[in-house]
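Colleague: Got a sequence here, can you model it:
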Amino acid sequence: MEKRQIYTELIAAVNHVLHGTALPAHIHWGRLIELAQRHRLTGFVYRCISGRNDVSPAQIQQIETIYFTAVGDHIRQEHYARALFEELHRREIRYMPMRGWCMRALYPEPTWRTSGDLELLCDAEKLEELGEILSGYGFHCVAVTETEAVWALDHVRIILHTALIPISEAVTAYFGDAWERFLTDDGVEYRMTDEDYCLYILTQLSYLMVIDRISIRMILDLYVYRNAKPNLDRGKLEAELEKLGILRFAHAIEALCEVWFGGAEQTDDLMLLGSYIASNSAYTADADDSKKRRIYVIFPPYHVMKRRYPVLRLCPVLLPVFWAVRGFACIFSRHRDKIRREGGREATLRSVKTRERVCSITGLDLGGTNTEK
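Modeller: I've put the predicted structure just below:
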């Protein structure tokens, strides 16, 4: 089964939960669970699996473990967030929740949008005082940059930002006076205007697209936000997106939102863009994932091997034999280095051509420079 089919199955699973649409007749649950974990969409797959008889007990246990671990992290984050917010109000230290904390409330079920990170915008001169508060809760500082400090306790991370998205001069200038435009009811907890938050999502998506850390869930966030805010001032958004140099990207990504989750018609460009995004993962793999990749290279699964050795379609039990045949050929073939080099060049050329097309579709330079005309 091709990767493209797997990611479309994941999209179908999300739509099944969101809109009640039908699931595909045949689903490769093992690979779907793996992809859902990479893109942080296990809550949707967990709900799809419930009550089905075509899922193995091991797969059910796998998705339950992943999902309930994420929910546990979510609950712990809620606990520390409430305590921190109360203390910030007591001390009258202004702050603004960002990303997952804001998006969670817009989903039909908050645990569908789990996250171990609590991100806050705060004043740079308050970082030391905030650090003292977090230390009192048992958190320890694990990273500090010019614009953020990261504090962690078990699986919960609190990220203190002192700037929104310092990715370009235009974006920095737009959000530079954002505190003056933010909204607040008590002078302590702030929030963005609806239009500014939509711009924030899109500018962040453009940045993550450039550094290859964009994910399917981030596109879902944009879809959920747009549907929760139907009265956005499109004129203002278009004007500001053009100034920021990401108008073409915004049009492409919003169109992809509607194809994936709104039932809009697919196009070749959007199919390529969607496949490109789905092939990335916004989250760094751990050591176990690295081991799995090495095992995958040495012992490719049946769906890969049957394309190389068609006889396996008729007799799958011969898979170990053909693993041995493949290993023998790789070790002793005089041409293995040449084949590897040629295969590498071919893969590189495909990758370059794909990236060039994605650049054309989005107006982004995926090497790191915005090229919108």
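Colleague: Wait, a helix at I75?
Modeller: Yes. Judged by DSSP: H, G, I helix; E, B strand; the rest coil, I75 forms part of a helix.
Colleague: distance of it from A81?
Modeller: 11 Å (C-beta to C-beta, to the nearest Å). C-beta here means a position set from N, CA and C on the backbone, and glycine is covered the same way.
Colleague: Of the two, which one has the most company?
Modeller: More neighbours surround A81 than the other of I75 and A81, with 16 against 12 (other C-beta atoms under 10 Å).
Colleague: And that one, its phi and psi?
Modeller: Backbone torsions of A81, given as degrees, to the nearest 10, read phi -60, psi -50.
Colleague: How about it: what's its closest non-neighbour residue?
Modeller: Excluding the flanking residues, the one nearest A81 by C-beta to C-beta, 6 or more residues apart in numbering is L118, at 5.3 Å.
Colleague: and K229, what is it in contact with?
Modeller: Contacts for K229 (C-beta atoms under 8 Å, 6 or more residues apart in numbering) come out as 194, 198.
Colleague: what's the answer for R76, then?
Modeller: Counted by C-beta under 8 Å, 6+ apart, R76 has contacts 154-156.
Colleague: about what we covered before: surely the residue nearest to A81 touches R157?
Modeller: Yes. Assessed by C-beta atoms under 8 Å, L118 is found in contact with R157 at 7.2 Å.
Colleague: So the two - more neighbours on which side?
Modeller: Taking other C-beta under 10 Å, L118 and R157 do not tie; L118 has more neighbours (22 against 19).
Colleague: Next, the contact list for that one, please.
Modeller: By C-beta under 8 Å, 6+ apart, the contact set of L118 is 77, 80-81, 84, 97, 100-101, 156-159.
Colleague: cool, L220 as well?
Modeller: L220 makes contact with 14, 41, 260-261, according to C-beta under 8 Å, 6+ apart.
Colleague: So in this protein, where's the weakest helix or strand by average pLDDT?
Modeller: When each helix and strand of the chain is scored by mean pLDDT, DSSP states H and E, helix 287-298 comes last, with a mean of 45.
Colleague: Any regions of the protein where pLDDT drops low?
Modeller: Scanning the chain for pLDDT under 70 picks out the ranges 1-4, 166, 281-308, 326-350, 367-373.
Colleague: give me phi/psi at the residue nearest to the spatial centre of it?
Modeller: Closest residue to the average C-alpha location of the chain: S215 at 2.8 Å, with C-alpha atoms, centre = their mean. Main-chain dihedrals, S215, degrees, to the nearest 10: phi -140, psi 170.
Colleague: you'd agree it is up against H39?
Modeller: Yes. When contacts are counted by C-beta under 8 Å, S215 is listed as touching H39 (4.6 Å).
Colleague: re earlier: so how far is L120 from the residue nearest to the centre of the chain?
Modeller: 22 Å.
Colleague: circling back: any of the contacts of R76 buried? List them.
Modeller: Neighbour counting with 16 or more other C-beta atoms under 10 Å marks V156 as buried within the contacts of R76.
Colleague: from the contacts of R76, which is closest to E148?
Modeller: In terms of C-beta to C-beta, no member of these lies closer to E148 than V156, at 16.1 Å.
Colleague: Tell me who's in contact with the closest one.
Modeller: Per C-beta under 8 Å, 6+ apart, neighbours of V156: 73, 76-77, 80, 116, 118.
Colleague: Could I get the residues you listed in TSV, plus columns for distance to L127?
Modeller: TSV is the format used below for the contacts of V156 (distance: C-beta to C-beta, whole Å):
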residue	distance to L127
D73	24
R76	23
Q77	20
Y80	17
G116	21
L118	15
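Colleague: Give me the neighbour count for R31.
Modeller: 17.
Colleague: same check, this time on E169
Modeller: Using other C-beta under 10 Å, E169 has 9 other residues around it.
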